[in-house]
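S.K.: I need the structure of the sequence given here:
(2 chains)
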Amino acid sequence: MSPRPRSFYILAAFFGLFLLFLYGPTITIAILSFQGPGGGLTFPMRGVSLHWFRDLFEQQAVGDIWGSFRRSLALGLMVMVTTVVVSVMGGLAFRRRFHGSGLLFYLIITALVIPSILVSLGVGLIFSQAGWQVHWATSGFGAQLTWTLPFGLLIMFAVFNRFDKSYEEAARDLGASNWQTLRHVVLPIIGPSLIGVALFGFTLSYDEFARTLLTAGSYNTLPLEIFGMTTNVTTPVLYALGTLTTVFSLMIIALFLLLAWVSARRKARAGSDAGDGLR
Amino acid sequence: MHRLLGSRHVLGWLQVAPLALVLVVFLVLPIVMIVTVSFWRATEFSIIPAFVWENYEFLFGSSVTYRVFLNTSKYAVITWALTLVIGFTVAYFLAFHVRTLTWQVALFLVCTIPFWTSNIIRMISWIPFLGRNGIANSTLISWGVIDEPVEWLLFSDFAVILAFVHLYTLFMVVPIFNTMMRIDPSLIEAARDAGASGVQILWNVIIPLTKPGIMIGTIFVVTLVMGDFITVRFMSGSQSANVGRLISNDIALLAYPSAAATAVVLLLTVLIVIGILLRFVDIRKEL
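M.R.: Residues are numbered from 1 along each chain as shown, chains lettered A, B, ... in the order given. The predicted model follows:
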């Protein structure tokens, strides 16, 4: 290999600084969440303790954290499953032009670029004028889908742009029905990328704030609860909560990446599943 | 029945039906609702269906509106410029200086992971850095750069833009990296063989070929910044305003018609900007 040019080292240093910029603040609050009981929101550390984490588990100290966590988790899973199913169906449909596909594509782009607070406001207004109660599982669920679906669909578009259609043709030539082709050829090939769609669906929902602000109703999701805390909590308990949810997010991300890695490995090793379609 | 299903139009619509349903109910109808309500009348306790222009007259008659729109554009332009420079440099490093695909993927993932964590917590995490007794101030004091803590680090326009760059540079890195990875290496080789220097290759080959990625990143960053209200509220300590905050303040006062009118103007502004940007790039082709 040729020796690296000097520009490599400059750019590598820049990249390192960028990573420090990305992760530094998060690591700082992770450290500060172990403040001693007398410590404040900034350094110096006044001792090291689990005091603020313990505080989180005492209901009266910080409101309904665990309830909101359970709601965010449930909502995230609902949004994730819906995003995967709807994106795959949409991705399949968009492989061929149909009447109105252009218009629908622009709607997807609109969903992506529309300021989140407009979705929140609009959905909230519809529900209040219709006399329905806003609830995280109905209005909140729908409002979040307008954010997760465009990402899911963009991933599916990218996947199908790279999809080799000759596999399908081969299946059809061998007498597979449309459903068999989809089930035994298309879905196994696009499978690993569905893990990516699921990751987007879950994490974007789990962290969403603006679109749930006016659509969650009287029961808060976790980001709403955390934002509420920023206005009235001035102790490191805020950092403890931030650290815990970030660790949770990182675990979810690691799980998905692991799944993607394992499925890619399995695909590489198992190779052919010839004959499965006949069973 | 079979023939009907065989038609690609019918099959296509059956497959996109759930998507279309979600978009109509939670995107189109809300927009229609907002446009409708922007013509309604508000009293202290309720909103009344009507067709009046007073919300728009008030909006365009107030100097606050122009100031706030100007401020929003200022955030958008500065954030765009910074994220573009940083995002391009990072993507360029990953695509052309990291040599193995494994390392490229690994470092790219390291860049994208924060995107999947909570924005609000990432904003909160600036407090220990920027606060009056924060790391930035104490470091600067210990270096002798300043004598007493600077006040404008947290709760200022500086903090707002810092947070925007922190949150949204990813949206530049990803599409730019994606287009850079598709550049045919033989083009760069050809340029080098023809005697181009590194800078000339960057300027005359790589940047023109990366334009679609830059455009997509621009669309993301500009719309996210223009539609934001929470970053500005949190990082400026409620001292600065952008259009999103104007809307959310109206909502807090239950002045929905006024909020809706502002929202309509914001939406039109964003759509016009996107319309212009989309003329330079075919998103479907770039994915």
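S.K.: now the helices for the stretch 151-279 of chain A?
M.R.: Taking DSSP state H, counting those that start in this stretch, the helices of the stretch 151-279 of chain A run over residues A:166-173, A:178-181, A:187-207, A:210-213, A:222-232, A:237-270.
S.K.: now the last one against helix A:222-232, angle please.
M.R.: If you take axes from the mean of the first three to the mean of the last three C-alpha atoms, to 10 degrees, helix A:237-270 sits at 160 degrees to helix A:222-232.
S.K.: do helix A:237-270 and chain B meet at all?
M.R.: Yes - Helix A:237-270 comes into contact with chain B (C-beta under 8 Å from any C-beta of the partner chain), by way of A:Leu238, A:Tyr239, A:Gly242, A:Thr245, A:Thr246, A:Ser249, A:Leu250, A:Ile252, A:Ile253, A:Leu257. All C-beta spots, glycine's among them, are computed from the backbone N, C-alpha and C.
S.K.: just for chain B, where's the confidence low?
M.R.: Residues of chain B that meet the criterion pLDDT under 70 lie in B:1-6, B:287.
S.K.: for it, what spans make up the strands?
M.R.: Secondary structure of chain B (DSSP state E): strands at B:41-42, B:47-48.
S.K.: out of the ones you listed, deepest packed?
M.R.: Compared across those, strand B:41-42 shows the largest average neighbour count, a mean of 18 (mean count of other C-beta atoms under 10 Å in any protein chain shown).
S.K.: and that strand, what does it pack against?
M.R.: Where contact means 3 or more C-beta pairs under 8 Å, 6 or more residues apart in numbering or on different chains; DSSP states H and E, strand B:41-42 is packed against strand B:47-48, helix B:256-278.
S.K.: give me the contact list for that strand.
M.R.: Contacts to strand B:41-42, defined as C-beta atoms under 8 Å, 6 or more residues apart in numbering or on different chains, come from residues B:Ile47, B:Ile48, B:Ala50, B:Val52, B:Glu54, B:Leu254, B:Ala255, B:Tyr256, B:Pro257, B:Ser258.
S.K.: what bridges to the nearest residue to the fifth one once chain neighbours are set aside?
M.R.: Ranked by C-beta to C-beta, 6 or more residues apart in numbering or on different chains and with sequence neighbours excluded, the top spatial neighbour of B:Glu54 is B:Arg41, at 7.2 Å. Per DSSP bridges, residues listed as beta-bridge partners of B:Arg41: B:Ile48.
S.K.: for chain A, see how far away B:Arg41 is.
M.R.: From B:Arg41 across to chain A, the span is 14 Å (C-beta to the nearest C-beta, to the nearest Å).
S.K.: got it, and B:Leu94?
M.R.: For B:Leu94, the distance to chain A - C-beta to the nearest C-beta - is 8 Å.
S.K.: who's in contact with that residue?
M.R.: Going by C-beta under 8 Å, 6+ apart, B:Leu94 touches A:Phe15, B:Gln104, B:Leu107, B:Phe108, B:Cys111, B:Val173, B:Phe177, B:Met180.
S.K.: nearest to A:Ile226, of the residues you listed?
M.R.: Distance to A:Ile226 across those (C-beta to C-beta) is lowest for B:Cys111, with 24.3 Å.
S.K.: what residues are up against the residue lying closest to that closest one once chain neighbours are set aside?
M.R.: The shortest distance from B:Cys111 to any non-neighbouring residue, by C-beta to C-beta, 6+ apart, is to B:Val173 (5.5 Å). By C-beta under 8 Å, 6+ apart, the residues touching B:Val173 are B:Gly87, B:Val90, B:Ala91, B:Leu94, B:Phe108, B:Cys111, B:Thr112, B:Gly217.
S.K.: if any of the residues you listed are buried, give me the PyMOL selection for them.
M.R.: Entered in PyMOL, the line below selects the buried ones among the contacts of B:Val173, by 16 or more other C-beta atoms under 10 Å in any protein chain shown:
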select buried, chain B and resi 87+90+91+94+108+111+217
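S.K.: list just the nearest of the contacts of B:Val173 to A:Gly217.
M.R.: A:Gly217 lies nearest to B:Thr112 out of these, by C-beta to C-beta, at 32.2 Å.
S.K.: tell me which residues touch the closest one, please.
M.R.: B:Thr112 makes contact with B:Leu170, B:Val173, B:Val174, according to C-beta under 8 Å, 6+ apart.
S.K.: turn these into a markdown table, including distance to B:Thr72.
M.R.: Below are the contacts of B:Thr112 laid out as a markdown table (distance: C-beta to C-beta, whole Å):
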| residue | distance to B:Thr72 |
| --- | --- |
| B:Leu170 | 21 |
| B:Val173 | 24 |
| B:Val174 | 24 |
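S.K.: name the helices or strands packed onto the helix or strand encompassing A:Ala30?
M.R.: Assessed by DSSP states H and E, A:Ala30 sits inside helix A:6-32. In this structure, helix A:6-32 packs against helix A:237-270, helix B:63-92, helix B:101-112, helix B:119-124, helix B:127-130, helix B:157-181, with contacts taken as 3+ C-beta pairs under 8 Å, 6+ apart.
S.K.: can you say which of those is nearest to A:Ala93?
M.R.: Judging the helices and strands packed on helix A:6-32 by C-beta to C-beta, what sits closest to A:Ala93 is helix B:157-181, at 23.7 Å.
S.K.: picking that back up, can I get the helices and strands packed on strand B:41-42 in JSON lines including distance to B:Lys285?
M.R.: Shown next, in JSON lines, are these (distance: least, C-beta to C-beta, whole Å):
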{"stretch": "strand B:47-48", "distance to B:Lys285": "44"}
{"stretch": "helix B:256-278", "distance to B:Lys285": "12"}
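S.K.: neighbours around residue 22, how many?
M.R.: If you meant another chain, say so; for now it's chain A. 21 (other C-beta atoms under 10 Å in any protein chain shown).
S.K.: let's do chain B instead
M.R.: Using other C-beta under 10 Å, B:Val22 has 20 neighbouring residues.
S.K.: so what's B:Gly198 up against?
M.R.: Shown in contact with B:Gly198 (C-beta under 8 Å, 6+ apart): A:Pro5, A:Ser7.
S.K.: then B:Ala191?
M.R.: Residues near B:Ala191 by C-beta under 8 Å, 6+ apart: B:Gln200, B:Ile201, B:Asn204, B:Val205.
S.K.: measure the closest residue to the last one other than its chain neighbours to chain A for me?
M.R.: So that's B:Val205. In space, and not counting its chain neighbours, B:Val205 is closest to B:Ala191: 5.0 Å by C-beta to C-beta, 6+ apart. Going from B:Ala191 to chain A by C-beta to the nearest C-beta gives 16 Å.
S.K.: and for B:Val68?
M.R.: Remark: distance between B:Val68 and chain A (C-beta to the nearest C-beta) = 14 Å.
S.K.: nearest spatial neighbour of that residue, chain-adjacent residues omitted?
M.R.: Nearest residue to B:Val68 in three dimensions, chain neighbours excluded: B:Ala241, at 5.0 Å (C-beta to C-beta, 6+ apart).
S.K.: can you get me a residue count around the one you found?
M.R.: B:Ala241 has 18 neighbours, counted by other C-beta under 10 Å.
S.K.: contacting residues for it?
M.R.: Per C-beta under 8 Å, 6+ apart, neighbours of B:Ala241: B:Val64, B:Arg67, B:Val68, B:Asn71, B:Val232.
S.K.: residues in contact with the third one?
M.R.: Just to be clear, that refers to B:Val68. B:Ala241, B:Asn242, B:Val243, B:Arg245, B:Leu246.
S.K.: quick check, nearest of these to chain A?
M.R.: The nearest member of the contacts of B:Val68 to chain A, counting by C-beta to the nearest C-beta, is B:Val243 at 8.1 Å.
S.K.: buried sites along stretch A:2-16?
M.R.: Result for stretch A:2-16 [16+ other C-beta under 10 Å]: buried residues A:Leu11, A:Phe15.
S.K.: and if you look at stretch A:79-91?
M.R.: A:Val79, A:Met80, A:Thr82, A:Thr83, A:Val84, A:Val86, A:Ser87, A:Val88, A:Met89, A:Gly90, A:Gly91.
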